[in-house]
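Colleague: Fold the following.
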Amino acid sequence: MGSPEGEGEKDEHPQHTVYLDAYWIDQTDVTNAMFSAFIGDTSYQTYAEEVGGSYVFSGSQRAEVSGADWAHPQGPSSSIVGLDDYPVVNVSWGDAQVYCEWAGRRLPTEAEWEKAARGTGGLIYPWGNSDPTSSLANYGKNIGNTTAVGSYPDGASPYGVLDMAGNVFNWMGDWYDSGYYANSPDRNPQGPSTGEFRVTRGGSWHDSLLRTANRDWHSPLGLIDYFGFRCALTGQ
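Modeller: Just a heads-up that it's a prediction; the model follows:
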């Protein structure tokens, strides 16, 4: 459903300008190799490992698969061997947050992610206003799984940030509130102080909706093979 105020969903309105202090954001999603280094250093157990599985999309449906986790993306018989440069998946919001803290960073805010994805000109997609194509992003099950990070340089954002549309959803630091834009501060918005769901952004290999302003939300304990993340850092 489009909003009566213009293009987009109701939770993307009212459209408004925000000002952000300087910050850094990862150029790509966190990869399997990067996450492996974190696990090796900390012996951290992810939520999928704790509960014994994750949701995996296969064919035309999503199903819970026992033994699926970050190191076994489709289940216990799968592995990440040869997939070092692919985005880590099957990670919860908490897993992503702990990794970013280990790396001396944090999860980005919605506002930071959106600016990095679309620049200051209000682009519909990272690459501009033209519709997605298979040369710009991994989306709509056109590949059927993740691809290596940085595989779509023509889809880069105005800041050179890669894979901000498609491949894997990115966890945000913010709680989700459908009406937050009506009350958010105009400088460095951090999202609501509490909530039930965490925001995800960017679409995935599974989805066709890639508009940069689109807001998704999921339980912070959500696990699926198209949830990933990248980190941010306040400018120094």
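Colleague: What are the boundaries of the strands in this structure?
Modeller: Applying DSSP state E to the chain gives strands spanning 23-25, 53-58, 61-66, 169-175, 198-201, 216-218, 227-228, 232-234.
Colleague: Surely Ser151 touches Leu136?
Modeller: No - between Ser151 and Leu136 there is no contact under CB atoms under 8 Å: 10.7 Å. For the C-beta atoms, the positions are set from N, CA and C on the backbone; glycine is no exception.
Colleague: Let me see the mean pLDDT of stretch 90-110.
Modeller: Regarding stretch 90-110, the rounded mean pLDDT is 98.
Colleague: how about that stretch: buried residues?
Modeller: 90-93, 95-100, 105-110 (16 or more other CB atoms under 10 Å).
Colleague: tell me the most buried of the strands of the chain?
Modeller: strand 227-228 (a mean of 27; mean count of other CB atoms under 10 Å).
Colleague: Give me the contact list for that one.
Modeller: Strand 227-228 is contacted by residues 29-30, 87-92, 167-171, 200, 204, 218 when judged by CB atoms under 8 Å, 6 or more residues apart in numbering.
Colleague: Over that strand, what's the mean pLDDT, rounded is fine.
Modeller: Mean pLDDT, strand 227-228: 97.
Colleague: how deep is Leu209 tucked in, by neighbour count?
Modeller: 13 (other CB atoms under 10 Å).
Colleague: coming back round to it: which two from the buried residues of stretch 90-110 end up farthest apart in space?
Modeller: Using CB to CB, the buried residues of stretch 90-110 span at most 23.8 Å, a distance reached by Asn90 and Thr109.
Colleague: one step back: now, the buried residues of stretch 90-110 that are in helices?
Modeller: Members of the buried residues of stretch 90-110 lying in helices (criterion: DSSP state H): Trp93, Asp95, Ala96, Gln97, Val98, Tyr99, Cys100, Glu110.
Colleague: Contact partners for the residue most central in space within the chain?
Modeller: Using CA atoms, centre = their mean, the residue of the chain that lies closest to the mean C-alpha position is Asn170, 0.8 Å off. By CB under 8 Å, 6+ apart, the contact list for Asn170 reads Asp29, Pro108, Trp113, Met164, Thr200, Arg201, Gly202, Gly228, Phe229, Arg230.
Colleague: one more time with 10 Å
Modeller: 25-26, 29-30, 87, 96, 107-108, 113, 117, 163-164, 199-204, 216, 227-231 (CB atoms under 10 Å, 6 or more residues apart in numbering).
Colleague: Is it bridged to anything, and to what?
Modeller: As for beta bridges, Asn170 partners with Arg201, Gly228 under DSSP bridges.
Colleague: Return the distance of it relative to Thr120.
Modeller: 20 Å (CB to CB, to the nearest Å).
Colleague: cool, and Leu221?
Modeller: 35 Å.
Colleague: quick one, which of those two is more surrounded?
Modeller: Just comparing Leu221 and Thr120: by other CB under 10 Å the higher neighbour count belongs to Leu221, 13 against 9.
Colleague: Test my guess that Tyr125 contacts Asp131.
Modeller: Yes - look at Tyr125 against Asp131 with CB atoms under 10 Å: they come within range, at 8.1 Å.
Colleague: Find residues that contact each of these two.
Modeller: Residues touching both Tyr125 and Asp131 by CB under 10 Å, 6+ apart: Leu210.
Colleague: With neighbour numbers in mind, choose between the two.
Modeller: Tyr125 (23 against 9).
Colleague: what residues are up against that one?
Modeller: Shown in contact with Tyr125 (CB under 10 Å, 6+ apart): 117-118, 131-132, 136-137, 155, 157, 164-166, 203, 210-213.
Colleague: same deal with Tyr181?
Modeller: Counted by CB under 10 Å, 6+ apart, Tyr181 has contacts Lys10, Asp11, Glu12, His13, Pro14, Gln15, His16, Val18, Glu110, Pro189, Arg215.
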